[in-house]
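In: Got a predicted model here, sequence first, then my questions.
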Amino acid sequence: MKRLILILCLLAGPVLAVQPDEILDDPALEARARELSQGLRCLVCRNENIDESNADLARDLRLLVRERLVAGDTNDEVIAYVTDRYGEYVLLQPNARGANLILWGAGPAMLVLAMVLAGFYVRRRRRAEAPADDLSEAEKARLDEILKS
Amino acid sequence: MVRGPLLPRGAGSILRGMIVELGHFALVLAFVVAIVQTVVPMIGAQKNWRGWMAAAEPAANAQFLFLAFSFAALTYAFVTSDFSLRLVVENSHTLKPMLYKVTGVWGNHEGSMLLWVLILALFGAGASWFGGGLPERLKARVLSVQAAIGVAFLAFILFTSNPFLRVAVPPFDGQDLNPLLQDPGLAFHPPFLYLGYVGLSMSFSFAVAALIEGRVDAAWGRWVRPWTLAAWLFLTIGIALGSWWAYYELGWGGFWFWDPVENASFMPWLIAAALLHSAIVVEKREALKSWTILLAILAFGFSLIGTFIVRSGVLTSVHAFANDPDRGVFILIILGIFMGGALTLYAARAGAMEAKGVFGMLSRESALVANNVLLAVAAFVVFIGTVWPLVAELAFDRKLSVGAPFFNAAFTPFMVVLAMILPIGAMMPWKRARMGRVMKPLWGVLALSVALGALVWAVQTGRSALAPVGAILAAWLVLGAAVDVWSRTGRGGLASKAGRLARLPRADWGKAVAHSGLGITLFGIAAMTAWQVEDIRVAQVGAPFEVAGYEVTLEGVERVQGPNYISTMAEMTLARNGREVARLYPEKRDYPVARMPTTEAAIDNGVLRDLYVVIGDAQDAGGWAVRIYIKPFANWIWAGAIIMALGGVLSLSDRRYRVAAGARKQAVRDGVPAE
């Protein structure tokens, strides 16, 4: 952990997403860090997660995530820790609480609605009698003419 | 507006000033013509005055010519680096390569809006060139609605985003183009995207004209489909180009980010895909009429929303929007007028669109209804996810993000289900289908696809189910399309089958090709996501290391002077079993004028895999940070998209549409080439 903080202090200049010096020695922990990073937003970027971002702030957050993992936090605890400090803005996958239920529920609700409407439509089409007078009087006369000749 | 300093600096400079002023004047003339084109043909169509209706075609051509001239004048200003234009100062530089001087014309807000209306006018003129078979009243109304959109956006350009504004004191040099945009992939991405976006205006104009007319029939479906098809295939190419650019330019090989700007182009694509399919039902079976009209309105509505999102910047930052709201509010008003007007008209008239065709629960018609439900709801999910951060902040005072994890979870299931039912629906007959008969030729395909999936599952040990599922769906779509085509050949010997195959309408080939393209894209996405290998490390010059079976060596790093940048270029070799596979030169570039560093990944493209290397910073303890990616089947993603677009081209070239559009008649009469 001290090593991480030291790196954090030494940091300067433009960097490129995950740096070799950030990677944890334990591959299992590192894999978890990568997975968590992909769900956290770089706060100063446009719609980029911290795993892909080149910003210094994203690096800080990546190091923070790894620091918490090394300290023995579970994934949920890391997310809670980060969210407590940076707000839910940092989560790329919005939680399903409160008003966000509208967001998560909108798709399935719309699908059910669309399927019900489509079902009614198809049922009506199936029951509908084929229109008897498909042809106008003039067309019928013309058809008779053709058939006779 | 600041008048241009027409100082006597020689005839060349005066001529140059003249051309730009004429371009500005042509823009104003196009605006006036568009107003005339909106009003006169519409009144003519209402009153049945033929002379007034006939004004639509010459007006559409004149509007297009004026805008083409205006656009050419702006291009001329960029090419000759006329720094008396503010736009050129801000977006160009004498040192910039010529190609990017030209593409710089639309690499900024004002110029891209001019391109937008140019393409709008191109489609309007196209309707007059290829619309020989259209009834004169419908044609007058279509061109009138098209011109009304032109009026709105020309007003937007003239009053809020004029590209022809001058600076009082022209500087010696410009301020460069964003170096990220100096790239062939991105340079040609906007024109294609706009051809798609704006092409949907044609479907909108046809829908509104049909509502005013109060009549939608099979012929209408046949007229509107080629325009939608053209818009959709350009949108497909545009999106693929953008995605490909992101893949090689952003430095880690992502191809889709669910960014609001990407979603802005993806929503119209989904709706246009739905519209393409529902218009078939209108054309062949005279059903789904009012739904198709609604889709046509919504497709262009999403294009306008997309323009609003991109041009106002409202979703990237609410505050940026609040600081400079003119443009955003203007587009919002345009959106409100056109969508409000069209939907009101729709509510009033849609009831009169009586469906004729009768069909059963299991039929081609109901399969296409299912296609529409899935595509439309998927577009809705993308829409909700895109605007939710804005809604949450304004309505619930919550600052939150909606990113890739949400879209992957909420959107993907729709595509999976779509791919599952697609080959079955594609083989269903119209009116009434029997499941047993439809599935009979498909059982083999299904078995083969599942076997392939199982094989993939067995070969890749202990990884996600993503790749096997992708393989099953891809094989199911591609083989399903092949079986569909083969089943059309009927009974008989090989010769008669081949003959039938050759005579199969192009539209049927287009369908099979486009559906196979979708399968290939799905497989590319699944395989690359599941099997990608990444390696990040500090590499010492000359010391080889191993990544997934490849021996990688950093041979050296040197500084290279580019035309308008300084590059740190590495040389890397990748060998397999002692044999060199690729020698790659990844770069880190620094653009001094724009003060912006970029990474240029080096990629060895292959059919089965891409080798993707990136050079990072020099390390204090020696060596360089490097990233190596092995991306299996990456190119299948964009190859699939191109195949989809190719399917669109095939379908567009079907004889039926050429005959329906009256292109041939027109060609004979006017001596203008039809295609």
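Out: Alright, I've got the coordinates.
In: Residue of chain B closest to chain A, please.
Out: Going by C-beta to the nearest C-beta, chain A is nearest to B:Gly403 of chain B, at 2.9 Å. Glycine gets a C-beta too; all of them are placed from N, C-alpha and C.
In: Tell me which residues of stretch B:373-387 come out buried.
Out: Neighbour counts over stretch B:373-387 (16 or more other C-beta atoms under 10 Å in any protein chain shown) mark B:373-387 as buried.
In: got it, and stretch B:643-657?
Out: Using 16+ other C-beta under 10 Å as the test for burial, stretch B:643-657 gives B:Ile643, B:Met644, B:Ala645, B:Leu646, B:Gly647, B:Gly648, B:Leu650, B:Ser651, B:Leu652, B:Asp654, B:Tyr657.
In: Hmm, which of the residues you listed is lowest in pLDDT?
Out: Least confident by pLDDT among those: that is B:Tyr657, with 70.
In: SS state for that residue?
Out: helix (DSSP: H, G, I helix; E, B strand; the rest coil).
In: How much space separates it from A:Ala58?
Out: 51 Å (C-beta to C-beta, to the nearest Å).
In: now do B:Pro190
Out: 28 Å.
In: So for the two, which residue has more residues nearby?
Out: Neighbours per residue, other C-beta atoms under 10 Å in any protein chain shown: of B:Pro190 and A:Ala58, the larger number sits with A:Ala58, 25 against 22.
In: so the more buried one sits right up against A:Ile50, yeah?
Out: Yes - taking C-beta atoms under 8 Å as the definition, A:Ala58 is a contact partner of A:Ile50 at 4.1 Å.
In: And the residue of chain A that's closest to chain B?
Out: Of all residues in chain A, A:Leu92 sits closest to chain B, at 2.9 Å by C-beta to the nearest C-beta.
In: distance between stretch B:34-50 and the chain's centre?
Out: Relative to the chain's own centre, stretch B:34-50 is displaced by 32 Å; criterion: C-alpha atoms, centre = their mean, to the nearest Å.
In: what does it contact?
Out: By C-beta atoms under 8 Å, 6 or more residues apart in numbering or on different chains, the surrounding residues in contact with stretch B:34-50 are B:51-56, B:59-60, B:63, B:121, B:124, B:136-137, B:140-141, B:143-145, B:147-148, B:150-151, B:154, B:212.
In: Go through that stretch and flag the buried ones.
Out: Quick answer for stretch B:34-50 (16+ other C-beta under 10 Å): B:Ala34, B:Ile35, B:Val36, B:Gln37, B:Thr38, B:Val39, B:Val40, B:Pro41, B:Met42, B:Gly44, B:Ala45.
In: want to try TSV for those, with pLDDT and secondary structure as columns?
Out: Shown next, in TSV, are those (pLDDT from 0 to 100; DSSP: H, G, I helix; E, B strand; the rest coil):
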residue	pLDDT	secondary structure
B:Ala34	96	helix
B:Ile35	97	helix
B:Val36	96	helix
B:Gln37	96	helix
B:Thr38	96	helix
B:Val39	95	helix
B:Val40	94	helix
B:Pro41	94	helix
B:Met42	94	helix
B:Gly44	93	helix
B:Ala45	92	helix
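In: Which one of the buried residues of stretch B:373-387 is nearest to B:Asp173?
Out: B:Thr386 (38.9 Å; C-beta to C-beta).
In: Phi, psi for the residue positioned nearest the centre of chain A please.
Out: Among the residues of chain A, A:Gln93 comes closest to the average C-alpha position under C-alpha atoms, centre = their mean, at 6.0 Å. Backbone dihedrals for A:Gln93, given as degrees, to the nearest 10, come out at phi -100, psi 100.
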